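[1] my questions concern the predicted model and sequence given below.
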Amino acid sequence: MSNKVLIIGAGGVGRVVAYKCAQHRDVFGDIMLASRTKKKCDAIASAIYQDCGGRKIKTARLDADQVEQTVALIKKFQPDLVINVALPYQDLPIMDACLETGVNYMDTANYEPKEVAKFEYSWQWAYQERYANKGIMALLGCGFDPGVTSVYTAYAKKHYFDELHELDIVDANAGSHGKAFATNFNPEINIREVTQRGKYWENGQWVETEPHEIWKDIDYPEIGPKRSYLIYHEELESLVKNFPTLKRARFWMTFSEQYLTHLRVIQNIGMAGIEPIRYKGVDIVPLQFLKAVLPKPEELGENYTGFTSIGNRIKGMKDGKERTYYVWNNCSHVDAYKETGTQAVSYTTGVPAMIGARMILTGKWSGKGVFNVEQLDPDPFMERLMLDGLPWHEKHNIDLGM
Ligand SMILES: NC(=O)c1ccc[n+]([C@@H]2O[C@H](COP(=O)([O-])OP(=O)(O)OC[C@H]3O[C@@H](n4cnc5c(N)ncnc54)[C@H](OP(=O)(O)O)[C@@H]3O)[C@@H](O)[C@H]2O)c1
């Protein structure tokens, strides 16, 4: 099988996707990594050449905001699939380019307009008919969360429940990078995400909270109790739609006191702002300027220790009886760095993206139109997680502690 993939975005996640695809020559015959800054692609390509037995990947410069540039690159390289791991802002222009050229599309984060800190699936779901008519597939949100957490939900429903009633996605980063403040993925996207109001699903409607208003000390396997805050996360939107028996769906993420204190200061002094301000004759977006001075997520890996732990805690009914289920993965920052030169947050996103690409290219996942990951068969994906670096564990009928 000699499939061609075009990976767009040479950040932390793009690095892992490129590494993991390069490790599987049987599925990913020809790989091109394209990004705004070509030298970042070249640096990744030469690291892969060294670490993956002389495997060569192609590189290109691309501004994916410009649909015609992506169309031209697709026409030249002729990929079977475009893996978008640039920023959420590029989702729609890249989807447009795939539509124009008739190539399958996938990403790991839903579209967000630059000028409003708001993310939702409506913009991408609106491509359903056009993708279906063109006979191509768009796979949305195939990282860890969304992505693996969506597959975990589908797997639980398929094998263990007749009805899902309560879903809690619990996401801990119990790692330490030794910096006073840094974000684990793109600071601009990360800060926009964690400073917004909280939101969860209960009894058929969304309930809004102040940012970080609701918290809980949640016990994570091999890590112990960590303070976890209820935040809104994008997979909740598609999961409550695709599993309509859910009475409650929430997302929890750990933040240290130190992280939250820095975040409060950043917000209080206006550095989280996304409106441009005029400084010495130049328009500057405070959050983008902040990104430029913060540690780069892709450079945190070297001294990162500890684990991430992300999983789903589910309550529901099977054969008329209530049951519970917990499925999770713990990922070591040190091991992620050893294998791909980056930390576990990028690793846990990039590996599922490669697996999703494998599912499409091997025909295990197919369809015409726009799909969220939980709409597809979870079994082959769960099998690959075991083989590709993100093994999962499960427990049945325990006290979920939620
Ligand atoms: N589902 C999940 O679990 C999950 C978790 C974490 C992250 N994510 C998503 O993964 C994606 C990548 O995250 P990351 O941490 O790797 O971010 P990152 O380190 O900032 O990398 C993004 C890359 O995209 C490139 N890029 C930005 N604008 C571009 C454009 N117009 N054209 C071409 N390339 C462009 C950047 O190029 P330059 O460096 O040249 O600017 C950069 O190399 C984001 O969408 C993020 O939301 C998903």
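    Sure thing, it's come through.

[2] now do the contacts for the one residue in the chain that gets nearest to the ligand.
    Nearest residue of the chain to the ligand: residue 11, at 1.8 Å (C-beta to the nearest ligand atom). Bear in mind the C-beta positions are built from the backbone N, C-alpha and C, glycine included. Neighbour list for residue 11: 35, 40, 85-86, 185-186, 297-298, 346 [criterion: C-beta atoms under 8 Å, 6 or more residues apart in numbering].

[3] pLDDT added to these, as CSV?
    Formatted as CSV, these follow (pLDDT from 0 to 100):
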residue, pLDDT
35, 98
40, 97
85, 98
86, 97
185, 81
186, 83
297, 81
298, 76
346, 93
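
[4] in TSV: the residues you listed, plus distance to the ligand and secondary structure.
    Formatted as TSV, these follow (distance: C-beta to the nearest ligand atom, whole Å; DSSP: H, G, I helix; E, B strand; the rest coil):
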residue	distance to the ligand	secondary structure
35	4	strand
40	5	helix
85	5	coil
86	4	coil
185	3	coil
186	3	coil
297	5	helix
298	6	helix
346	6	helix
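
[5] and this structure, which residues reach the ligand?
    Residues of the chain found near the ligand (C-beta under 6 Å from any ligand atom) are 8-14, 35-37, 40, 62-65, 85-88, 90, 108-109, 143-147, 185-186, 189, 297-298, 346, 349.

[6] now those residues: which count as buried?
    Those of these that meet the buried threshold are 8-14, 35-36, 40, 62, 64-65, 85-88, 90, 108-109, 143-147, 185-186, 189, 297-298, 346, 349, by 16 or more other C-beta atoms under 10 Å.

[7] how far away is residue 219 from residue 323?
    With distances taken as C-beta to C-beta, to the nearest Å, residue 219 is found 20 Å from residue 323.

[8] between these two, who's got more neighbours?
    The residue with more neighbours, out of residue 219 and residue 323, is residue 323; 15 against 12, by other C-beta atoms under 10 Å.

[9] ok, and the closest non-adjacent residue to that one?
    The shortest distance from residue 323 to any non-neighbouring residue, by C-beta to C-beta, 6 or more residues apart in numbering, is to residue 397 (5.6 Å).

[10] just to revisit the earlier point, and the residues of the chain next to the ligand, which of them are in helices?
    Of the residues of the chain next to the ligand, the ones assigned to helices by DSSP state H are 12-14, 40, 189, 346, 349.

[11] residue boundaries of the strands in the stretch 1-150 of the chain?
    In the stretch 1-150 of the chain, strands defined by DSSP state E, counting those that start in this stretch lie at 3-8, 28-35, 58-61, 81-84, 104-107, 137-140, listed in chain order.

[12] pick the most buried one from these.
    strand 81-84 (a mean of 28; mean count of other C-beta atoms under 10 Å).

[13] adjacent strands (with direction) for it?
    Neighbouring strands of strand 81-84 in its sheet, by DSSP bridges, are strand 3-8 (parallel), strand 104-107 (parallel).

[14] columns mean pLDDT on top of the ones you listed, output as TSV?
    Converted to TSV, the strands paired with strand 81-84 look like this (pLDDT from 0 to 100):
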stretch	mean pLDDT
strand 3-8	97
strand 104-107	98
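
[15] now render those strands as TSV, adding distance to residue 280.
    Formatted as TSV, the strands paired with strand 81-84 follow (distance: least, C-beta to C-beta, whole Å):
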stretch	distance to residue 280
strand 3-8	33
strand 104-107	37
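
[16] who's in contact with residue 117?
    By C-beta under 8 Å, 6+ apart, the neighbours of residue 117 are 192, 195-196, 274.

[17] could you check how far it is from residue 381?
    For residue 117 relative to residue 381 (C-beta to C-beta), the value is 31 Å.

[18] cool, and residue 133?
    Residue 133 sits 27 Å away from residue 381, going by C-beta to C-beta.

[19] again with residue 365
    The gap separating residue 365 from residue 381 is 8 Å, by C-beta to C-beta.

[20] swap in residue 305?
    29 Å.

[21] next SSE after the worst-scoring helix or strand of the chain on mean pLDDT?
    In the chain, no helix or strand scores lower on mean pLDDT, DSSP states H and E than helix 187-194, which sits at a mean of 83. Next along the chain after helix 187-194, taking DSSP states H and E as the criterion, comes strand 198-202.

[22] report the buried residues of that next one.
    Judged by neighbour count using 16+ other C-beta under 10 Å, the buried positions of strand 198-202 are 198-201.

[23] still on that earlier bit, give me the pLDDT for the residue nearest to residue 323.
    pLDDT recorded at residue 397 is 97.

[24] against residue 231, how distant is it?
    From residue 397 across to residue 231, the span is 28 Å (C-beta to C-beta).

[25] more crowded one of those two?
    Set residue 397 next to residue 231 and count neighbours by other C-beta under 10 Å: residue 231 wins out with 24 against 12.

[26] show me whatever sits in contact with both of residue 365 and residue 381.
    Common neighbours of residue 365 and residue 381, counting by C-beta under 8 Å, 6+ apart, are 356, 359.

[27] from residue 39, how far out is the closest residue to residue 19 other than its chain neighbours?
    In this structure, residue 19 finds its nearest non-sequential neighbour in residue 340, 4.4 Å apart by C-beta to C-beta, 6+ apart. Separation of residue 340 from residue 39 (C-beta to C-beta): 19 Å.

[28] residue 11 now?
    Distance from residue 11 to residue 39, counting by C-beta to C-beta: 13 Å.

[29] look at the residue of the chain closest to the ligand and report its pLDDT.
    pLDDT recorded at residue 11 is 93.
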